[in-house]
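Participant: Sequence plus predicted model, see below.
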Amino acid sequence: MDDIFIKLEEEFDNYELSRDQYIADEIHRYSLIYKHLIQKNFIKEDSFNGKYCQINLNLIPANSLGILGDARVISGDDKLCDAAKRAVLKVGIFPLPDAEYDVIEKLKDINLTVVP
């Protein structure tokens with residue numbers, strides 16, 4: 001009987017590791033999608049070269065969409081951050097995965113780094 005419980009515990013541990021990796025992969029994938037959407041609305045200037053902006057997005061889930069609730073600058077070049085925030089506001093609605101509660105929970109409050 002102990003062997004059965006040991007094997008079940010091992011399987012559960014393997015499942016949790018796999019699930020954690022899946023969540024991390026999905027967050028990375030959606031981060032790239034969000035960056036692409038922001039860059040499509042981003043007006044780049046030569047003065048932004050070599051600079052960055054870290055911005056926090058708070059999304060309000062509505063089915064498979066995240067409606068922008070707030071965009072807050074965390075750090076970075078002021079002028080670049082202003083342009084990044086304007087681009088984020090233009091996007092306004094970001095995709096969310098269907099029925100992936102664990103992933104959505106992490107995407108609701110996500111930090112992105114914008115590097116032109």
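Facilitator: Nice, I can see it.

Participant: residues near Ile74, how many?
Facilitator: By other C-beta atoms under 10 Å, the residues close to Ile74 number 12. Just so you know, the C-beta spots here come from the backbone N, C-alpha and C atoms, and that holds for glycine as well.

Participant: what's the answer for His36, then?
Facilitator: 10.

Participant: Kindly report the same for the one 4 residues further on.
Facilitator: By the criterion of other C-beta under 10 Å, Lys40 has 10 neighbours.

Participant: Which residues lie in contact with it in this structure?
Facilitator: Listed by C-beta atoms under 8 Å, 6 or more residues apart in numbering, the contact partners of Lys40 are Val91.

Participant: got the buried residues for the strand ranked longest in the chain?
Facilitator: Across the chain, the longest stretch assigned as strand under DSSP state E is strand 65-76. Residues of strand 65-76 classed as buried by neighbour count (16 or more other C-beta atoms under 10 Å): Gly66, Leu68, Ala71, Val73, Gly76.

Participant: Turn those residues into a markdown table, columns for pLDDT and distance to Phe48.
Facilitator: Formatted as a markdown table, the buried residues of strand 65-76 follow (pLDDT from 0 to 100; distance: C-beta to C-beta, whole Å):
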| residue | pLDDT | distance to Phe48 |
| --- | --- | --- |
| Gly66 | 96 | 26 |
| Leu68 | 97 | 22 |
| Ala71 | 96 | 18 |
| Val73 | 97 | 14 |
| Gly76 | 97 | 10 |
